[in-house]
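Novice: Turn this into a model:
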Amino acid sequence: MSDKTKKQLFADYAFLTRELEDFANTKHFDMFADLLEQRDKVIAFIAVAPDPDNYVGSGAYEDLKQELLVAEKTLLNRVKFLMRQIEQRKTISSVYDVYAQSANTGYNINAKR
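Specialist: Predicted coordinates:
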């Protein structure tokens, strides 16, 4: 990867971002985490990569940057949504666990006192 230019690395970054969106929608969290790690590595390479064709100052870069900002915002919203779903499921599960434990002890939670 160290021999790629900034333009090529930004293309890789955009590809990984699109893939992240796909895997967030399918809920394959292991692959999602792997893609995040790969994207972090690409970011590190971008910082030190050569830019022989001055891509960073070009209009194509600005267009890609805007596209990526929208994609990142969409991705962030999707991840927040998934996190809320996970938290809700954990809460529901813990409620059922408490109910199941009380049912096993013979204690009736709904008994009138």
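Novice: Please report how far the residue sitting nearest the centre point of the chain lies from residue 69.
Specialist: With distances taken as Cα atoms, centre = their mean, the residue of the chain nearest its centroid is residue 79 (5.5 Å). As judged by Cβ to Cβ, to the nearest Å, residue 79 and residue 69 stand 16 Å apart. Backbone N, C-alpha and C define where each C-beta goes, glycine included.
Novice: And residue 41, how far from residue 61?
Specialist: 20 Å.
Novice: Those two: which has the busier surroundings?
Specialist: Per other Cβ atoms under 10 Å, whichever of residue 41 and residue 61 has more neighbours is residue 61, with 16 against 13.
Novice: In terms of helices and strands, where is the more buried one?
Specialist: helix 59-105 (DSSP states H and E).
Novice: In terms of secondary structure, what does that helix contact?
Specialist: helix 6-26 (3 or more Cβ pairs under 8 Å, 6 or more residues apart in numbering; DSSP states H and E).
Novice: From one end of stretch 52-61 to the other, what's the distance?
Specialist: End-to-end distance of stretch 52-61: 14 Å, with Cα to Cα, to the nearest Å as the criterion.
Novice: Show me what the mean pLDDT comes to for it.
Specialist: Here stretch 52-61 scores 91 as its mean pLDDT.
Novice: Next, the buried residues of it.
Specialist: For stretch 52-61, the buried set under the neighbour-count rule, 16 or more other Cβ atoms under 10 Å, comprises 55, 61.
Novice: Please spell out which residues along stretch 78-95 are buried.
Specialist: When burial is assessed from 16+ other Cβ under 10 Å, stretch 78-95 yields no buried residues.
Novice: Now do residue 43 against residue 28, distance only.
Specialist: From residue 43 to residue 28 the distance is 22 Å (Cβ to Cβ).
Novice: ditto for residue 20
Specialist: In terms of Cβ to Cβ, residue 20 sits 11 Å off from residue 28.
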